[in-house]
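Q: sequence and predicted model, in that order:
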Amino acid sequence: MVLNSHQRATIEAAAARIIPADHDPGALEAGVIDYIEQTLATHDGDHAQSYFDGVRELDELARRQFAAEEFSSLGPEQQDRILKLLEEKASPFFSLLVRHTMEGFYGDPRHGGNKDRAGWTMLGFPGPSYPKGYSSPLGWYDGHLPDDFASPKKRSDHEPE
Amino acid sequence: MSRNEAVDVCIIGAGASGLVAAKELSEAGLSVVILERGPWRQRSDFAPEDEISTKRRHFFWPTVEQEPRTWRLNAQSPTEFLSADVQVFSNAMCVGGGTVHYSGLSWRFHESDFRVKSTDGSVAGTSIEDWPISYEDMEPYYEKAEWTIGISGKGWSNPFDPPRRRDYPVPPVARNSAGAILENGCRALGLHPFPTPMAILSRPYDGRPGCVNKGFCSGYGCPVGAKSSALEALLPKALATGRCDIRPLVMAREISVDSGGRAAGVVYIDSAGTEQFQSARLILLAAGGVETPRLLLLSKSSRFPEGVGNSSGLVGKNLMLHAPGPIVIAIFPEAVDGHQGSPCTRVMQDFYKTDSRRGFIRGGFVHPRAHGGDPVDYALQPVHGARWGLKHKDSMRESWRHYLHSHCTGESLPVESNMVDLDPEVKDRFGLPVARITYTSHENDIRLGSFLAKRSREIFEAVKASKVIVPPSRLRKLHNHQMGTCRMGNSPGSSVVDKWCRSHDMPNLFIIDASVFVTSGGLNPALTIEANAFRVCDYIVSEARRGNLG
């Protein structure tokens, strides 16, 4: 593990504000933190220090803005205000957190996040279709708009058997 | 330095043009070695539909750490490193080159594309010229490229297409919703949509399987084998001759010259870091519009202080990266499902010819794309009202299945000060100076890009898009389409290679990639690169048979 338990809890809380839960799961439920751990241990090792520093900054802001012990103990609205402060000052850590949260929520579960395909299910993406692929019509408009170049075979695809 | 056994032909770069040459020349009986700095990946290495490993982690592209490049707006402005976001607008560093991950739009340039100066005259600030060859010279080779590589399409369905003698070998790929929207939007406006000619097999051909419409094509390798890349369509034929030796993960660093002023061979660094020398009777340079001029400029000697093949001083000049058209996003009330089907299934060319009323010359086309899936990429785009939080989540839910994006590809005019040269400070992992790109889009390119964006909006609104977003154009810094840096011409003073793509300075050095383009056309260049390589190889083979290769 690249992050210690405090760092992990802090990043998990911040990611949960980047993609909050509503009637659909959010970053917390989709295990985005596990994606972040995995990418920091492999592809994005160079970014570990940004996370260490980022956690310190989040806690520091929690103390200064809300006299709180740490970022993860704040309520959602207070956490959002701190994240907004980072966004407004164009913090590279904040951009990194957004990028990794999106990757961990919408990327292939094989990389540690998007647990139970929570992100994909929310979008209506059924996941990789290889090797089967898709048959016509491809999307609503293909099925409903005239096709001047339809091959005879394709027309029969739409006719009842 | 270890010396390899001499061969007839050494090709530098295993992309679109290099693999055409490997096939053609090895089949004609010549011995061929191909040097490629990237890895040799196979169909089974392409993780299906995995955006993280393919795109987010730069499976194909030169990384900023390993293969940096720099950019500046003009000679007076500061130089910056190209960021990772820009480097992906580069071509793959692997066997097959850009054709492995391209979308596969496979165009014939129009007749006027070869004679822009005669058609449109001169424009201030540009170096427009006619090509030394015509469409008629290229036509048989376009046909050969379409049938050898395996292009799907419907011949004569485009009223603006230049003359052709033969249909495509396979019918068009299946239409998807982005194509249906383009087709019907164009019809409503009186324009002329047609099925896009694509390097994706709609059905089995030449021993390869047909497309299964699984999406995730653009930027990805095809695990099915239906994408007609140079890796799939050309390399196996070259290897089957037994006369073609491919060496991946090696970096060519110099073209060396003998005492008679001919190219003697290529010095390269192998994967163990050892220098090797490959002697060859012919050197074919096919490393693309950025790396080809870089290698020529790196090949400096007392005899050629400005680099090999550069008596004209034009090596690296006149870089063309196509017009900086914005990527328009359109959201529709019903599902577009852009993760299904080929990247581009319907297209139009109504705005291809010059119309002086528009305030610019030349033209281009609009090609709405199935987005290919890529949810992470969409989530990170600034089109959403909010970058994060519940509003961001709402917008993803509402729009991901409903959006398409539309590229506006248009001609960029040649400008001599747009160029590739050697960065005076930055070195790559081999210690070699990297390519520095100096590039400012000409005003004509900018006007053309904005014009095409407006036309895109009209087309999508004609099919009742619920929202059309035209983001501001970004500065063009690099692109997959890299052309013009070793232009072709009849005069040694004003061009780098002759009409057979042979160096004016060195009779056994040929440059066969898009560096030789005189003007850029307003179309994806791959098929023209390949057709031209077939043409040049025909010449080389006939010269070889006459004993003229030395």
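A: Structure received.

Q: assign a three-state SS to residue B:22, would you?
A: Secondary structure, DSSP: H, G, I helix; E, B strand; the rest coil: residue B:22 is helix.

Q: run through the residues that contact it.
A: B:11, B:14, B:32, B:34, B:234-235, B:238, B:244, B:246 (C-beta atoms under 8 Å, 6 or more residues apart in numbering or on different chains). Any C-beta I mention is one placed from the backbone N, CA and C, and that applies to glycine too.

Q: ramachandran angles for residue B:253?
A: Main-chain torsions, residue B:253, degrees, to the nearest 10: phi -120, psi -10.

Q: now do the contacts for it.
A: Applying C-beta under 8 Å, 6+ apart, the residues near residue B:253 are B:267-269, B:275, B:295, B:298, B:430, B:432.

Q: how much space between it and chain A?
A: Residue B:253 sits 28 Å away from chain A, going by C-beta to the nearest C-beta, to the nearest Å.

Q: low pLDDT regions in chain A?
A: A:151-161 (pLDDT under 70).

Q: cool, and the stretch 451-550 of chain B?
A: B:550.

Q: and the helix or strand hosting residue A:8, what does it pack against?
A: In the assignment (DSSP states H and E), residue A:8 maps to helix A:5-18. Judged by 3 or more C-beta pairs under 8 Å, 6 or more residues apart in numbering or on different chains; DSSP states H and E, the packing partners of helix A:5-18 are helix A:32-41, helix A:48-66, helix A:76-88, helix A:92-106.

Q: out of the contacts of residue B:22, list just those in helices.
A: When DSSP state H is applied, the contacts of residue B:22 are split such that B:235, B:238 fall in helices.

Q: can you tell me which of the contacts of residue B:22 has the most neighbours?
A: Highest neighbour count within those: residue B:11, with 32 neighbours (other C-beta atoms under 10 Å in any protein chain shown).

Q: relative to chain A, how far out is the closest residue to residue B:262 other than its chain neighbours?
A: Nearest residue to residue B:262 in three dimensions, chain neighbours excluded: residue B:508, at 5.3 Å (C-beta to C-beta, 6 or more residues apart in numbering or on different chains). Distance of residue B:508 to chain A, computed by C-beta to the nearest C-beta: 44 Å.

Q: now for the nearest residue to residue A:54 once chain neighbours are set aside, how many residues are close by?
A: In space, and not counting its chain neighbours, residue A:54 is closest to residue A:93: 3.8 Å by C-beta to C-beta, 6+ apart. By other C-beta under 10 Å, the residues close to residue A:93 number 18.

Q: so for chain B, the centremost residue is which one?
A: residue B:481 (4.0 Å; C-alpha atoms, centre = their mean).

Q: how close does residue B:31 get to residue B:245?
A: 8 Å (C-beta to C-beta, to the nearest Å).

Q: same question, residue B:51
A: Taking C-beta to C-beta, one finds residue B:51 at 35 Å from residue B:245.

Q: go on, residue B:110?
A: 38 Å.

Q: do the same with residue B:290
A: Taken as C-beta to C-beta, the span from residue B:290 to residue B:245 is 26 Å.

Q: neighbour count winner among the two?
A: residue B:290 (24 against 19).

Q: just the element for residue B:425, please.
A: strand B:419-427.

Q: return the alpha-carbon coordinates of that strand using CSV.
A: The C-alpha coordinates for strand B:419-427 follow below in CSV (Å, rounded to 0.1, in the frame of the first residue of the first chain):
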residue,chain,number,x,y,z
MET,B,419,8.9,23.5,-39.2
VAL,B,420,10.7,20.7,-37.4
ASP,B,421,14.3,21.3,-36.3
LEU,B,422,16.5,20.0,-33.6
ASP,B,423,15.9,21.3,-30.1
PRO,B,424,19.2,23.0,-29.0
GLU,B,425,18.8,21.9,-25.4
VAL,B,426,16.4,19.0,-24.9
LYS,B,427,17.7,15.4,-25.6
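
Q: next, the buried residues of that strand.
A: The neighbour-count check on strand B:419-427 (16 or more other C-beta atoms under 10 Å in any protein chain shown) flags B:419-423 as buried.

Q: any idea which of those residues is closest to residue B:199?
A: Proximity of the buried residues of strand B:419-427 to residue B:199 (C-beta to C-beta) peaks at residue B:420, which lies at 26.5 Å.

Q: ok, for that closest one, nearest residue in space, not its chain neighbours?
A: residue B:316 (4.3 Å).

Q: and if you look at residue B:138?
A: Once flanking residues are discounted, residue B:138 sits nearest to residue B:531: 5.6 Å by C-beta to C-beta, 6+ apart.

Q: and the pLDDT at residue B:270?
A: You'll see residue B:270 listed with a pLDDT of 96.

Q: surely it and residue B:277 touch.
A: No: using C-beta atoms under 8 Å, residue B:270 is not in contact with residue B:277; the gap is 11.0 Å.

Q: all helices for the stretch 251-400 of chain B, in order.
A: Taking DSSP state H, counting those that start in this stretch as the criterion, the stretch 251-400 of chain B contains helices spanning B:288-298, B:375-379, B:390-399.

Q: which residue packs closest to residue B:271, ignoring adjacent ones?
A: Nearest to residue B:271 is residue B:249, by C-beta to C-beta, 6+ apart, at 4.1 Å.

Q: dump the helices and strands packed on helix A:5-18 into CSV; add distance to residue B:407 as well.
A: Converted to CSV, the helices and strands packed on helix A:5-18 look like this (distance: least, C-beta to C-beta, whole Å):
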stretch, distance to residue B:407
helix A:32-41, 30
helix A:48-66, 33
helix A:76-88, 30
helix A:92-106, 22
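
Q: check contacts around residue B:337.
A: A:138-140, B:176-177, B:370, B:401.

Q: now render those as JSON lines, adding neighbour count.
A: As requested, these are exported to JSON lines (neighbours: other C-beta atoms under 10 Å in any protein chain shown):
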{"residue": "A:138", "neighbour count": "28"}
{"residue": "A:139", "neighbour count": "29"}
{"residue": "A:140", "neighbour count": "18"}
{"residue": "B:176", "neighbour count": "31"}
{"residue": "B:177", "neighbour count": "30"}
{"residue": "B:370", "neighbour count": "29"}
{"residue": "B:401", "neighbour count": "20"}
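
Q: return the closest of those with respect to residue B:6.
A: Looking across these and measuring by C-beta to C-beta, the closest to residue B:6 is residue B:370, at 48.6 Å.

Q: ok, the closest one to chain A distance?
A: In terms of C-beta to the nearest C-beta, residue B:370 sits 8 Å off from chain A.

Q: returning to that earlier point: common neighbours of residue B:31 and residue B:245, please.
A: residue B:7.

Q: what's the span of stretch B:521-528 from first residue to last?
A: 10 Å (C-alpha to C-alpha, to the nearest Å).

Q: residues in contact with that stretch?
A: Counting by C-beta under 8 Å, 6+ apart, B:16, B:98-99, B:102-110, B:113, B:138, B:142, B:145-146, B:149, B:151, B:197, B:199, B:322-323, B:352, B:362-365, B:409-411, B:448, B:481, B:483, B:514, B:517 sit against stretch B:521-528.
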